[in-house]
Each structure stands twice: as C-alpha cells, then as structure tokens.
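> Okay, sequence plus prediction incoming.
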Amino acid sequence: MTERSTPGGTGRAATDDDPRLIAYRALAAVTEDDAYANLVLPRLLDFHHLGGRDAAFATELAYGTLRNRGTLDAVIEAAARREAARIDPPVLDVLRLGAYQLLKTRVAAHAAVDTSVSLVRRVAGHRTAGFVNAVLRKVSQRDAGSWLDSLATGDPVADLALEFAHPEWIVREFARSLGGDDELAEALGADNLAPSVHLCARPGLITPEELAARADGLPGYWSRYAVHLTEGGDPGRIPAIADGRAHVQDEGSQLLAESLPAVPVEGPDDRWLDLCAGPGGKAALLGALAARRGAAVTAVEVAEHRAELVRKTTRGLPVDVVHADGREFDPGHLFDRVLVDAPCSGLGALRRRPEARWRRSADDVPDLVGLQGELLAAAVRLTRPGGVIAYVTCSPVVSETVEIVGGASGVDPLDTRRFLPDMPDLGPGPHVQLWPHRHGTDAMFGALLRRRD
Ligand SMILES: C[S@@+](CC[C@H](N)C(=O)[O-])C[C@H]1O[C@@H](n2cnc3c(N)ncnc32)[C@H](O)[C@@H]1O
C-alpha cells in the first residue's frame, strides 16, 4: 500500500489511482448513472491496475459507504444542519465516504478528514473544501454509538433502520417474514457483512473438492456442489468457470435448484422447464443434473439479452433456450418438472448488492406480486398431472412468497424441508425460508408443489 492510500496517510492531493478517488468514482456512478457498484468497481480497479490492499481498501470504502448510506446521511444532516437532498451530489458522496471512514473504520480521524478535503477539491472545486472540513470535523467529535444514541427516536423500527442502515419498510418486511423481532437485528446485521463468493461445481463435470483445490476455496456448508472462495478476486479468471465446469451461484440458489429434481415423480421424467431462466445459474445446474438422468431442460426468458446470457451459461448442456414471455409460452406439450425462479424485489440478496436496499421501494412490490402470481399460474398450466413445480424467490417478503403460493390453484404443497436434508431452522414448513444469519446463504424462499390430477 502506498503512503498516499494508507488509511493513516497524509491528505495530499488525490492521484488517479488513489483508492479513495476510485471509491468516490464508483459512488458517483451509482448516484448519478444508476450503475451497479459490483459491476462498475471491478472495472475501475482493473482500469487503474489497482490490486492487493489498495483494491481491498477501495472496495471496502465503496461498498461500506453504499450499504450504510441511510445512517451516514442521517449523521451528515445532523452535523451539517442541512438535508442531504440539498447538498450537491459530488459533495454529498465525499461526505459519505469521509463519514464512513470516521464511524465505521479504524482510519485515523485527521486522515479521514484531510483526504476528504483533498478529494472534494479535486471533484467539486476549492469552494466546497471548507464545508466538507467543517461537517466532517463535527462528525468526528462522536463515535458511531454516540451518534446513534443522539439520533434515536424511541420507535423500534426507525431505530433498527438507523442502526443497521436499512429503509424502514424493509425492516418491517423482515420482521413479518421472521414472525417477530427476536432475530431481526441479526438478520439486518447479516446484510452488512461482505459475503464470500459461492461457486457451483457442475455435477458430472468437476467435483467440489477439485474445484475448491483449483480455485483456492473451501467446500460449502449445505449444497453438495458448493465451494466458497476464501479470497476475493475475479471468479472469471478461474479456468473451471471460463470453460463451463462451474459457475458463480449463491449456495441457497443451488439448494433450491437441486430440490426440484430431488422430488420423486411417477411416470416420465425427461422434460424439465425453467420458466424465468436469465442469466442462467439455475438452468445450468438443472442442465448438468438433467444430463446425468437423460432429461433435457427448456429455459424460457423474456429479456433477449438475458436469454443470450442463458445460452452462454448453459453451452454444452442439454438446455434449449427460448426467448418468450413465460406467461404465454405454449410449446404444445407439458413438462414433468417446472422451476419458477420469479422476478422479485431481491431483498434476499442485499448483502451482495450494496446499493440495492436504497433503490428498491415498497411501491415496486405490488407489480412484482401480480407478475409472480401470473408466472406461477402459467407454470401450473405447463406441468403434467403428478409433475412437480418449484416456486423460488430471492426475497423473504411474505406477499412475494407464502402468499403467492397460497393463492395458487391446482397444486398440493409438498414438505419442501424434506428436500433440503440436514438443514436446520427452515421455518414451520411446508415451504422453506433461508436466511444469511441462519444459513450463510442469501434469503431465498422455496416451495415445492405437486400438480393435481
Ligand atoms: C430471479 S431472475 C431468474 C434467475 C435465474 N433463474 C438464475 O438462476 O440465474 C428472474 C428472471 O425472470 C425474467 N422474467 C421476468 N418476467 C418474465 C416473464 N414474463 N417470462 C419469462 N421470464 C421473465 C427476468 O428477466 C429475469 O431474468
């Protein structure tokens, strides 16, 4: 790590490859261009040839600042006596980065303030330096706990939202899904821990042991195909991923994809369908499992560019990709097994998408719920009597999960817990809800259903 970037280093002018400047650029792309941090930051790091501790520092600053935005803004507003919305976006992003260092890292206070002043001079001009200096000095006068105490309102939801940096509506949705407040702080806290990258060793193509040895990883906890990477880095550079023997996939997604072929069915079992396939992680695992059982997968995706991603991801596997709306898909025959991995709010994967919690709104949910119900109804129509449907979301929101399944007709619920064997704390059944704080997976929901005669 260079002196310039050392957390306790000097506040001299930021150069192009300064980790703080790179973190700032990632924040600005998210704030101004609606970019995704996990796409834009690796590109910036690559472009500036940043690696090792500098890259890790830039990543922690960018992702940590994005995750904690709500809490940082509340502190900045109190220190600046001004609403965040009335501060120029570039200045606000520098303040957020500075406040994050002061409240959430061990960077020395003088270094956090001085480097933020240099940074704002570079990105917003000299006039703003005094304001940033004054606000951050004020922020530095208290630690995080003392700021939380002073901003607490006494309302439990608002105070948890502030402490764990989640919008209040998400705190309420998690509480509803968990059935109370007992584990709420743990569930929210788990969203703020950077998760390891999970890989899926495609069955029949590579074993998890071999993949773990080659990718410098460890076997997963629950899925027989999972490997957890121990180091960060670009999974695309792992040869087994580049040549299609493995792919990146949260262990929870693997478990729910593999639960579908685990259910016994009577009669034919060679036509499988993935009704919402893009970008193709579950289609790839299903395709690898289908290949071993003489079955084939039809993968439907409504967005053309995502259908193309499914084609790439499943190359070499018995997967036929169809660009179509799953609600209208009619191939002229029925399927033995159908997966509906429905488009959803994504609140189950907040730990993997630093800015997502501030982008989503409660108003997004009703439209998603309508679409989810229609896709599940289409799945039921496309399944032969006695066949099996898996309804899956990467969300624990009750209206997107239990209520969608409860509204389906023509199906009987199976005890999904039986098909995720040896996993504890899956909920009261018959469906399963995974949680990062319980299982180390994304908060995936899964329901296995049998099509009635
Ligand atoms: C949660 S993602 C699926 C993830 C995928 N199964 C995987 O494991 O990689 C939902 C997908 O459904 C697609 N989708 C949305 N509406 C659809 C529709 N009406 N018919 C088919 N696909 C749809 C979205 O474009 C998105 O790619």
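Good, I have the coordinates.
> wait, what's in contact with residue 318?
When contacts are counted by C-beta atoms under 8 Å, 6 or more residues apart in numbering, residue 318 touches 287, 290-291, 295-297. No exception for glycine: its C-beta is placed from N, CA and C like everyone else's.
> hmm, I was thinking of residue 450
Shown in contact with residue 450 (C-beta under 8 Å, 6+ apart): 263, 386-389, 411-414.
> Secondary structure and pLDDT for those - can I get that in CSV?
Output for the contacts of residue 450, formatted as CSV (DSSP: H, G, I helix; E, B strand; the rest coil; pLDDT from 0 to 100):
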residue, secondary structure, pLDDT
263, coil, 98
386, strand, 98
387, strand, 98
388, strand, 98
389, strand, 99
411, strand, 98
412, strand, 98
413, strand, 98
414, coil, 98
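> what about burial for those, which qualify?
Buried members of the contacts of residue 450, counted by 16 or more other C-beta atoms under 10 Å: 263, 387-389, 411, 413-414.
> Which pLDDT value does the model give residue 85?
Looking at residue 85, its pLDDT reads 97.
> all helices for the stretch 101-250 of the chain, in order.
109-124, 129-139, 144-151, 156-163, 168-178, 184-190, 208-215, 239-242 (DSSP state H, counting those that start in this stretch).
> could the buried ones among the contacts of residue 450 go into a markdown table alongside distance to the ligand?
Shown next, in a markdown table, are those (distance: C-beta to the nearest ligand atom, whole Å):
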| residue | distance to the ligand |
| --- | --- |
| 263 | 18 |
| 387 | 19 |
| 388 | 17 |
| 389 | 14 |
| 411 | 19 |
| 413 | 21 |
| 414 | 20 |
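> Max pairwise distance over the residues you listed: which two?
Greatest spatial distance in those: 387 and 413, 14.5 Å, computed using C-beta to C-beta.
> quick one on the thing from earlier: switch the helices of the stretch 101-250 of the chain over to JSON lines; also include mean pLDDT, distance to residue 423 and mean neighbour count.
Formatted as JSON lines, those follow (pLDDT from 0 to 100; distance: least, C-beta to C-beta, whole Å; neighbours: other C-beta atoms under 10 Å):
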{"stretch": "helix 109-124", "mean pLDDT": "97", "distance to residue 423": "42", "mean neighbour count": "21"}
{"stretch": "helix 129-139", "mean pLDDT": "98", "distance to residue 423": "43", "mean neighbour count": "19"}
{"stretch": "helix 144-151", "mean pLDDT": "98", "distance to residue 423": "34", "mean neighbour count": "14"}
{"stretch": "helix 156-163", "mean pLDDT": "98", "distance to residue 423": "27", "mean neighbour count": "18"}
{"stretch": "helix 168-178", "mean pLDDT": "98", "distance to residue 423": "17", "mean neighbour count": "20"}
{"stretch": "helix 184-190", "mean pLDDT": "98", "distance to residue 423": "17", "mean neighbour count": "18"}
{"stretch": "helix 208-215", "mean pLDDT": "95", "distance to residue 423": "17", "mean neighbour count": "18"}
{"stretch": "helix 239-242", "mean pLDDT": "95", "distance to residue 423": "26", "mean neighbour count": "15"}
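> Quick one, which of the ones you listed gets closest to the ligand.
The ligand lies closest, by C-beta to the nearest ligand atom, to one member of the helices of the stretch 101-250 of the chain: helix 239-242, at 14.5 Å.
> and the closest one, what does it pack onto?
With contacts taken as 3 or more C-beta pairs under 8 Å, 6 or more residues apart in numbering; DSSP states H and E, helix 239-242 sits against helix 208-215, strand 246-248.
> ok so, going back, among the contacts of residue 318, which are in strands?
296-297 (DSSP state E).
> Can you check which helix is longest in the chain?
Ranked by number of residues, the top helix in the chain under DSSP state H is helix 365-382.
> Just the buried positions in it, please.
Using 16+ other C-beta under 10 Å as the test for burial, helix 365-382 gives 365, 368-369, 371-373, 375-380, 382.
> Would you convert these into TSV that also reports pLDDT and distance to residue 125?
Shown next, in TSV, are these (pLDDT from 0 to 100; distance: C-beta to C-beta, whole Å):
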residue	pLDDT	distance to residue 125
365	98	41
368	98	42
369	98	46
371	98	46
372	98	48
373	98	52
375	98	50
376	98	54
377	98	56
378	98	55
379	98	56
380	98	60
382	98	59
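> The residues you listed into CSV, with extra columns for distance to the ligand?
Formatted as CSV, the buried residues of helix 365-382 follow (distance: C-beta to the nearest ligand atom, whole Å):
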residue, distance to the ligand
365, 15
368, 10
369, 13
371, 6
372, 9
373, 12
375, 6
376, 11
377, 12
378, 8
379, 10
380, 15
382, 12
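> would you turn the residues you listed into CSV with distance to residue 423?
Output for the buried residues of helix 365-382, formatted as CSV (distance: C-beta to C-beta, whole Å):
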residue, distance to residue 423
365, 27
368, 27
369, 27
371, 29
372, 24
373, 28
375, 26
376, 24
377, 29
378, 29
379, 24
380, 27
382, 29
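> of the helices of the stretch 101-250 of the chain, which approaches residue 51 most closely?
Using C-beta to C-beta, these put helix 208-215 closest to residue 51, at 18.0 Å.
> now for that closest one, which elements pack on it?
Judged by 3+ C-beta pairs under 8 Å, 6+ apart, helix 208-215 is in contact with strand 198-201, strand 217-219, strand 226-229, helix 239-242.
> contacts for the second one?
So the one you mean is strand 217-219. Here strand 217-219 makes contact (C-beta under 8 Å, 6+ apart) with 199, 208-209, 211-212, 226-230.
> same for the ligand: which of the residues you listed are within range?
Contacts with the ligand within these, counted by C-beta under 6 Å from any ligand atom: none were found.
> for these, which one is nearest residue 449?
Residue 449 has its nearest neighbour among those in residue 226, at 25.0 Å by C-beta to C-beta.
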